[in-house]
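Undergrad: Give me coordinates for this.
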Amino acid sequence: MPLIAIFGKEVVKTMKYSFKCPGTCNYEVKVEAKNDDEAIRKIIKEGEDHRKQAHPDMPPMTEEQLKTIVRSGMKIG
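TA: You can find the predicted model right below:
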């Protein structure tokens with residue numbers, strides 16, 4: 001269910017998104033965002049340190065590869 005925040009006259013609806021690391025570590029990122037694209041950007045940014053620390057041997061990926069992985073495993077709600 002979307003959350004609604006009212007700032008002045010602008011109404012901003014956000015939804016909760018989550019993404020569980022596809023590795024065996026069970027790390028989960030939870031964010032609030034206005035749409036899927038914003039959620040993907042936030043999840044990638046918040047998961048960056050985890051990826052470097054928990055998965056240092058992971059090969060480098062392009063931004064598009066990361067977006068594809070996150071989009072395929074992202075859940076709403």
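Undergrad: okay, CA-based contacts and neighbour counts for the rest of this
TA: Noted.
Undergrad: Now do the contacts for the spatially closest residue to residue 16 that is not a sequence neighbour.
TA: The shortest distance from residue 16 to any non-neighbouring residue, by CA to CA, 6 or more residues apart in numbering, is to residue 32 (4.5 Å). Residue 32 sits next to 14, 15, 16, 17, 39 when contact means CA atoms under 8 Å, 6 or more residues apart in numbering.
Undergrad: Residue 29 is in contact with the last one, correct?
TA: This means residue 39. No. Judged on CA atoms under 8 Å, residue 39 makes no contact with residue 29 at a distance of 10.4 Å.
Undergrad: Between the two, point out the one with more neighbours.
TA: residue 39 (25 against 17; other CA atoms under 10 Å).
Undergrad: If you count neighbours, what's buried in the biggest strand by length in the chain?
TA: Counting by DSSP state E, the longest strand found in the chain is strand 10-20. Judged by neighbour count (16 or more other CA atoms under 10 Å), strand 10-20 contains these buried residues: 14, 15, 16, 17, 18, 19, 20.
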